[in-house]
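In: Provided below for reference: sequence and predicted model.
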Amino acid sequence: MACCEPLPSDPMDVPLGPPTPVSWERHLRAMEIDQKFHELALGLVDGVVAAVAERLRVYRVLTIDRDDFGPLRVGQRFTQRLEIVP
């Protein structure tokens with residue numbers, strides 16, 4: 001599984017799979033996450049990234065947006081932090 005392999009030294013070398021449609025359930029969860037962390041003003045895209053990471057149980061997120069993703073927590077009780085790379 002590509003998600004379990006070490007990241008390459010250049011983040012632009014990460015192989016990407018085909019885009020996957022986001023379900024209505026993930027949209028709703030994204031809005032819940034955005035509402036829970038309203039002070040971060042996440043927005044739809046960051047909320048969907050968090051919701052999909054939560055659903056797939058993949059907690060490593062490639063982003064430079066540490067201000068939003070640093071304090072963010074996911075999971076049923078909002079206790080799982082996301083590991084930000086690079």
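Out: Sure thing, it's come through.
In: CA only for contacts and neighbour counts going forward, please
Out: OK.
In: and the residue nearest to F37 when sequence neighbours are not counted, how many neighbours?
Out: Excluding the flanking residues, the one nearest F37 by CA to CA, 6 or more residues apart in numbering is L72, at 7.2 Å. Residues lying near L72 (other CA atoms under 10 Å) number 21.
In: surely L72 meets L82?
Out: Yes. Checked against CA atoms under 8 Å, the pair L72 and L82 is within contact range at 7.1 Å.
In: mind listing the residues bridging to R60?
Out: R60 has these beta-bridge partners by DSSP bridges: E83.
In: so it touches P86, yeah?
Out: No. Counting by CA under 8 Å, R60 does not reach P86; the two are 9.7 Å apart.
In: quick one: the helix or strand containing V45 to chain centroid distance?
Out: In this assignment (DSSP states H and E), V45 forms part of helix 43-56. Here helix 43-56 is found 5 Å from its chain centre; the criterion is CA atoms, centre = their mean, to the nearest Å.
In: who does it touch, helix- and strand-wise?
Out: If contacts are counted by 3 or more CA pairs under 8 Å, 6 or more residues apart in numbering; DSSP states H and E, helix 43-56 sits against helix 24-36, strand 73-74.
In: cutoff 6 Å now
Out: Counting contacts by 3 or more CA pairs under 6 Å, 6 or more residues apart in numbering; DSSP states H and E, helix 43-56 is packed against helix 24-36.
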